[in-house]
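Chemist: Based on what follows, work out the 3D shape:
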Amino acid sequence: YVAFSLYAAYNVFFSTKVISRVHRVVKKNTAGPPGGAVAPFVEDEEWNPWEDEEVEYNSALSKKREAFQKYLAQINKNKPKRYKVQIWGKAAIGLYLWEHVLDGPLHPTDKVAQWREGELTSGKIDFSFYTGPAVVQGHVPLDMNSLVLVLNGREQQKISYSTRWLEHVHALVQARTVSHVAVVLLGNEHCVNDWISPYLKRNGGFVELLFVVYDSPWVNNIDVFQWPLGVATYRQFPIIKPSLQMVTSIRPYLCNFQGTIYKNSSREILMQVLKQAGLEKDCITTARDKWLPQETVDSLGRYQTALSQSDLTLCPVGVNTECYRIYEACAYGSVPVVEDVQTPGACVTGPSSPLRLLKAAGAPFIFLRDWKELPAILEKERRMGQDQRMERRKRLIEWYTSFRQQMKDRFTEVIEETFFKNA
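Modeler: The predicted model follows:
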């Protein structure tokens, strides 16, 4: 039907009508050639009795064509504009951005594949994503001029690696291959990120937008925005899909804590409080003396079981107050009990800090200033009915889903506004 409609429109507006011309007028030559034969001759000019009709028809056809072209132009004008943005994930936090926040697919699904990619649409933007060890400089199919680079700036070795990528992108900007650049940065836990400052457009660089993790004093919601730490994708923490069982199940433990116990830290105090109050049997606890960058299959399984089998997840501060454990607990509907204490460094201080982003989003957590408050909290938990627990889990899971959607909308809108405002 569509093909026939297009064919009909073409014939009406673009085909040229063929009008038969009159036969040439033949007149007898009275003089004639020798021998008495009558020779016909052809008149020099042709006469077309429908000439006026043809002129009139062509004029009308031309007007119809003009009207149709205006109609097509109006359709194109009213059609919403679409833009293309490419994301290069050169830090594990890129997987949280792509899979957990933007809800994008990745192919192949094998988590240890050397090259993974995906596409999705959000707002007016068609995003494409590339990640993996095989994604190297000069070998990514860049078919658009807008780029988001995901980098790790936590420590000097990571900063050196990230700087090389920024220099590569700078060369693409100078060559006019790339016009717009944003960076999603896993910042330093002390909020010391001066190394990236010269690359920001406000300081004469080329990076128009910076999304940075932790309570950085640079955040102004104009060109620098705060970004959530998310789950530990570098430890293969999976995407957890909410289920009815997650909400309704009876969880045998009140709380859990799985983590490294740093010497002279509040984590030591937490473990002492649990022991002295005789709460060890009510909570799943696994303590280790040394931080390990990777989980084994068994340790990851035990950790996920602890989250799913307890109603509270204890979240003591580390180098920074914000930790992966907070987001991982939310995914399982286990309420984070957060030590609401500012850690040393250059992060913003004030009534809304630490965890400025989560508090602004109305996170339904339990905040405490001292782990000595924990026994009273757990006593209250014991008196809570199953219906109340189910309602609280449901509220937490819904909040976390909504939070990620807010981050997705914000990320998309900020890029649209900054990159394509005058497009």
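Chemist: list the contacts for Phe403?
Modeler: Counting by CB atoms under 8 Å, 6 or more residues apart in numbering, Phe403 touches 228, 358, 361, 363. No exception for glycine: its C-beta is placed from N, CA and C like everyone else's.
Chemist: let's see 10 Å
Modeler: 101, 228, 327, 330, 357-358, 361-363 (CB atoms under 10 Å, 6 or more residues apart in numbering).
Chemist: Against Ala331, how distant is it?
Modeler: Per CB to CB, to the nearest Å, Phe403 is found 11 Å from Ala331.
Chemist: any idea where the strands of the stretch 51-200 of the chain begin and end?
Modeler: 83-89, 116-122, 125-131, 146-152, 180-186 (DSSP state E, counting those that start in this stretch).
Chemist: Adding mean neighbour count, mean pLDDT and distance to Arg235, write those out as TSV.
Modeler: Formatted as TSV, those follow (neighbours: other CB atoms under 10 Å; pLDDT from 0 to 100; distance: least, CB to CB, whole Å):
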stretch	mean neighbour count	mean pLDDT	distance to Arg235
strand 83-89	20	97	16
strand 116-122	17	97	17
strand 125-131	21	97	16
strand 146-152	23	98	14
strand 180-186	23	98	14
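Chemist: What is the end-to-end distance of stretch 212-224?
Modeler: One end of stretch 212-224 to the other measures 7 Å (CA to CA, to the nearest Å).
Chemist: quick one: buried residues of it?
Modeler: 212-216, 218-219, 223-224 (16 or more other CB atoms under 10 Å).
Chemist: related to what we said a few turns ago, of the strands of the stretch 51-200 of the chain, which is nearest Arg65?
Modeler: strand 83-89 (31.9 Å; CB to CB).
Chemist: quick one: strands adjacent to the closest one?
Modeler: Within its sheet, strand 83-89 is paired with strand 125-131 (parallel), strand 146-152 (parallel), according to DSSP bridges.
Chemist: In JSON lines, list those along with distance to Lys111.
Modeler: Output for these, formatted as JSON lines (distance: least, CB to CB, whole Å):
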{"stretch": "strand 125-131", "distance to Lys111": "11"}
{"stretch": "strand 146-152", "distance to Lys111": "17"}
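Chemist: related to what we said a few turns ago, among the buried residues of stretch 212-224, which lie within strands?
Modeler: In strands, judged by DSSP state E, the following of the buried residues of stretch 212-224 are found: 212-213, 224.
Chemist: Looking at Arg392 now. What's its pLDDT?
Modeler: Arg392 carries a pLDDT score of 98 in this model.
Chemist: looking at the sheet around the nearest residue to it once chain neighbours are set aside, what are its partners?
Modeler: Nearest residue to Arg392 in three dimensions, chain neighbours excluded: Val335, at 6.5 Å (CB to CB, 6 or more residues apart in numbering). Assessed by DSSP bridges, Val335 has beta-bridge partners Leu312.
Chemist: what's the neighbour count on Val335?
Modeler: By other CB atoms under 10 Å, the residues close to Val335 number 24.
Chemist: Please verify my assumption that it contacts Arg395.
Modeler: Yes. Val335 is in contact with Arg395 according to CB atoms under 10 Å; the separation is 9.4 Å.
Chemist: what touches both of those two?
Modeler: The contact lists of Val335 and Arg395 share Pro364, where a contact means CB under 10 Å, 6+ apart.
Chemist: List the residues that contact the nearest residue to Gly204 once chain neighbours are set aside.
Modeler: Excluding the flanking residues, the one nearest Gly204 by CB to CB, 6+ apart is Pro198, at 7.3 Å. By CB under 10 Å, 6+ apart, the contact set of Pro198 is 166, 204-205, 207.
Chemist: Among the residues you listed, which ones are in helices?
Modeler: Counting by DSSP state H, the contacts of Pro198 place Leu166 in helices.
Chemist: Quick check: the farthest pair among the contacts of Pro198?
Modeler: Leu166 and Gly204 (13.9 Å).
Chemist: Any idea which residue is closest to the centre of this protein?
Modeler: Leu102 (4.0 Å; CA atoms, centre = their mean).
Chemist: nearest spatial neighbour of that residue, skipping sequence neighbours?
Modeler: Lys408 (5.5 Å).
Chemist: Three-state assignment for the one you found, please.
Modeler: helix (DSSP: H, G, I helix; E, B strand; the rest coil).
Chemist: State the pLDDT value of it.
Modeler: 98.
Chemist: from what I can see it touches Ser122, true?
Modeler: Yes. Applying CB under 10 Å as the test, Lys408 and Ser122 come out as touching, 6.3 Å apart.
Chemist: before we move on, the earlier item: the contacts of Pro198, buried ones only, as a PyMOL selection?
Modeler: To isolate the buried members of the contacts of Pro198 in PyMOL, using 16+ other CB under 10 Å:
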select buried, resi 166+205+207
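Chemist: CSV for the contacts of Pro198, including distance to Asp370?
Modeler: Formatted as CSV, the contacts of Pro198 follow (distance: CB to CB, whole Å):
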residue, distance to Asp370
Leu166, 42
Gly204, 46
Gly205, 43
Val207, 41
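Chemist: hang on, the earlier thing: return every residue with contacts to both of Lys408 and Ser122.
Modeler: The contact lists of Lys408 and Ser122 share 101-104, where a contact means CB under 10 Å, 6+ apart.
Chemist: follow-up on the earlier one: list the contacts of the residue nearest to the centre of the chain.
Modeler: 87, 96, 118, 120, 122, 127, 129, 404, 407-408, 411-412 are the contacts of Leu102 under CB under 10 Å, 6+ apart.
Chemist: How far off centre is the strand or helix carrying Lys380?
Modeler: For Lys380, the element it lies in under DSSP states H and E is helix 374-382. Counting by CA atoms, centre = their mean, to the nearest Å, helix 374-382 is centred 39 Å from the centre of its parent chain.
Chemist: Pull out the buried positions in it.
Modeler: 374, 377-378, 381.
Chemist: Please enumerate the strands of the stretch 251-400 of the chain.
Modeler: So, for the stretch 251-400 of the chain - with DSSP E, counting those that start in this stretch - the strands run 253-260, 283-288, 310-315, 335-339, 366-368.
Chemist: out of those strands, which comes closest to Ile240?
Modeler: So among the strands of the stretch 251-400 of the chain, strand 310-315 is nearest, using CB to CB, at 13.3 Å.
Chemist: got the buried residues for stretch 194-205?
Modeler: Buried residues in stretch 194-205 (16+ other CB under 10 Å): 196, 199-200, 205.
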